[in-house]
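Asker: sequence plus predicted model, see below.
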Amino acid sequence: MINCYLLIFTVTLLHILQNVDAAFKPEDIRNHLGTKTPYRFKYNKNDSKIKFPGCKDTKIWMVIRHGTRLPSAKDIEQMHSILKPLSFKVLLGHKYGKGQLTTEQLEGLKDWSCNLDPQNEKNLVPEGGTEMVHLAKRMQSRFPNIMKRKYNKDAYLIRYTPTERAQESARHFTIGLFDEKIAQNVSMTKSSKGDPVLRFYKYCDKWLKQVKKNPHTYIEQEKMRQSTLMKKTLESISQRLGLNETISLVEANLIYKACAFETAWSKHYIAPWCAALDKEIIKVLEYYHDLKHYWIDGYGSELTYRTACSSVKNMFENLTSKSAPNATFLFAHSGTLLKILAHMNLFKPKSPLRGDSIPKDNVWRMSDIDCFASNLAFVLFECKDGDHLLTLHQERIVKLPMCDKELCPLDLLTHSFQDTIHNCDHSSICNTSRNDEL
């Protein structure tokens, strides 16, 4: 049996699939795997030194989502209890001439199983460690003035949330910066549970009540769940699989997750459950999850992105303080990164995302902006005409909406974010009063 994490392949299969990623194209379903999209499809491969005439890079502040991980305990249990029996139905249906899968695809489902230990839920996998090692090396190549290869504890601040995946991501990142031996002595700090910079939303009572636990937050996603488009999508999946009955959205989401996780884990493996999806089906499932993240983690509520002020304030403080380390690396989570992106007014759709249609030009796509190991960096440049700030998202230079150029005057940004810098009080923003209503 093929375990859905510890995959064993023959030499022949590896030879056949060794160029799977090389054949990747934008319309490929692997470009639509949401927050589970592999970072190897998204990062900027150009790691040459970034320089501007009359300027010198002096400081960096970077928040990094952990690398590729295992599923949650709930997903592991459901993959085992729901998807394995479903695979038997698929095989039986094709035996009687139903379905659209090839012999090779059916063989993949026949050998598929998910025997992960739920106790290891969300732990970093080897691919996640590799992502961090190479990310560090590329960033060091771009900014060698800041990220020296010789370790100096006063020059680096490395902090991570109290989770295995964040800690291991930080550890592998230091291996990329230096080497495995030096990395053992690199100073890293585990944040407290109530850390207002790394996971501010988790300990924000007001946000939890008014947004995450508020039924109104999920209205648009529920609208899509009940839509004709979703009904047709579930029917299409069922037809591809040769099932007698239409699968549920729960089953479809598990298929989507199994496809995504297993694709992310290995460069040389075609995940069996991806066979249930085509380019039209996966865009619907992708957008269903984009809706959730828009209303929970993004622009759906002003309170949501306002809570990220503590992180953005920390960025400005670190980059402008003479006593702060030259390089700050914070290892956190999807919820952290998305709220910071929204606070910076990045990737904002032209209009709120709705559940009755999929916009053709949606820029709030998790597959593009929040894949595994996604990151956001701010680099301070000291220039002849004053200090400037450069922003990189997933290692690509992006222009902030309030700036005319990519390399933006620091004075302009501190003015634009003066409320964030001077009036950000996490306690007052997050405490729920008795008069607050859903």
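Answerer: That came through, no problem. Just so you know, these numbers come straight off a predicted model, no measurement behind them.

Asker: and the strands in the stretch 201-350 of the chain?
Answerer: Per DSSP state E, counting those that start in this stretch, the stretch 201-350 of the chain carries strands over the ranges 327-332.

Asker: before we move on, what about the stretch 1-150 of the chain?
Answerer: 2-3, 55-65, 112-113.

Asker: let me see the contact set for residue 413.
Answerer: 316, 389, 400, 402, 403 (Cβ atoms under 8 Å, 6 or more residues apart in numbering). C-beta here means a position set from N, CA and C on the backbone, and glycine is covered the same way.

Asker: enumerate every residue touching residue 108.
Answerer: Applying Cβ under 8 Å, 6+ apart, the residues contacting residue 108 are 270, 272, 275.

Asker: can you put the strands of the stretch 1-150 of the chain in CSV and add mean neighbour count?
Answerer: Shown next, in CSV, are those (neighbours: other Cβ atoms under 10 Å):
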stretch, mean neighbour count
strand 2-3, 16
strand 55-65, 22
strand 112-113, 17
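
Asker: mean pLDDT for these: which is lowest?
Answerer: Looking at those, the lowest mean pLDDT belongs to strand 2-3 (a mean of 52).

Asker: low-confidence stretches in the stretch 301-438 of the chain?
Answerer: Filtered on pLDDT under 70, the stretch 301-438 of the chain yields the residue ranges 432-438.

Asker: residue boundaries of the helices in it?
Answerer: For the stretch 301-438 of the chain, the helices defined by DSSP state H, counting those that start in this stretch occupy 302-306, 309-320, 334-343, 366-369, 410-416, 418-422, 426-430.

Asker: ok, the stretch 101-250 of the chain next?
Answerer: 103-110, 126-142, 164-177, 180-183, 205-207, 219-225, 228-241, 249-265.

Asker: list the buried ones in the last one?
Answerer: This points to helix 249-265. Buried residues in helix 249-265, counting neighbours by 16 or more other Cβ atoms under 10 Å, are found at 249, 251-252, 254-265.

Asker: follow-up on the earlier one: can you tell me which of the contacts of residue 413 are buried?
Answerer: For these, a burial check counting by 16+ other Cβ under 10 Å picks out 316, 389, 400, 403.

Asker: the third one against residue 408, yeah?
Answerer: Think residue 400. Yes - counting by Cβ atoms under 8 Å, residue 400 does reach residue 408; the two are 5.9 Å apart.

Asker: overlap in contacts of those two?
Answerer: The contact lists of residue 400 and residue 408 share residue 391, where a contact means Cβ under 8 Å, 6+ apart.

Asker: any idea how far residue 155 lies from residue 89?
Answerer: For residue 155, the distance to residue 89 equals 58 Å [Cβ to Cβ, to the nearest Å].

Asker: brain fart, residue 220
Answerer: In terms of Cβ to Cβ, residue 220 sits 32 Å off from residue 89.

Asker: these two: which has the busier surroundings?
Answerer: For residue 220 and residue 89, the more surrounded residue by other Cβ atoms under 10 Å is residue 220, and the numbers stand at 19 against 16.

Asker: contact partners for the more buried one?
Answerer: Contacts of residue 220 (Cβ under 8 Å, 6+ apart): 291, 295, 353, 354, 355.

Asker: format the residues you listed as TSV; extra columns: distance to residue 38 and neighbour count.
Answerer: Shown next, in TSV, are these (distance: Cβ to Cβ, whole Å; neighbours: other Cβ atoms under 10 Å):
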residue	distance to residue 38	neighbour count
291	22	25
295	25	24
353	24	23
354	29	15
355	27	21
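
Asker: including distance to residue 362, could those go into TSV?
Answerer: Compiled in TSV, the contacts of residue 220 are given as follows (distance: Cβ to Cβ, whole Å):
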residue	distance to residue 362
291	10
295	14
353	7
354	11
355	13
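
Asker: against which helices or strands is the longest helix seen in the chain packed?
Answerer: Ranked by residue count, the top helix of the chain under DSSP state H comes out as helix 279-297. Judged by 3 or more Cβ pairs under 8 Å, 6 or more residues apart in numbering; DSSP states H and E, the packing partners of helix 279-297 are helix 219-225, helix 228-241, helix 249-265, helix 334-343, helix 366-369.

Asker: one more time with 7 Å
Answerer: Secondary-structure packing of helix 279-297 (3 or more Cβ pairs under 7 Å, 6 or more residues apart in numbering; DSSP states H and E): helix 219-225, helix 228-241, helix 334-343, helix 366-369.

Asker: out of these, nearest to residue 170?
Answerer: Smallest distance to residue 170 across the helices and strands packed on helix 279-297 (Cβ to Cβ): 14.0 Å, for helix 334-343.

Asker: now that closest one: buried residues?
Answerer: Taking 16+ other Cβ under 10 Å as the criterion, helix 334-343 shows 334, 335, 336, 337, 338, 339, 340, 341, 342, 343 as buried.

Asker: which one of these is nearest residue 102?
Answerer: Once Cβ to Cβ is applied, the member of the buried residues of helix 334-343 that ends up nearest residue 102 is residue 334, at 34.2 Å.
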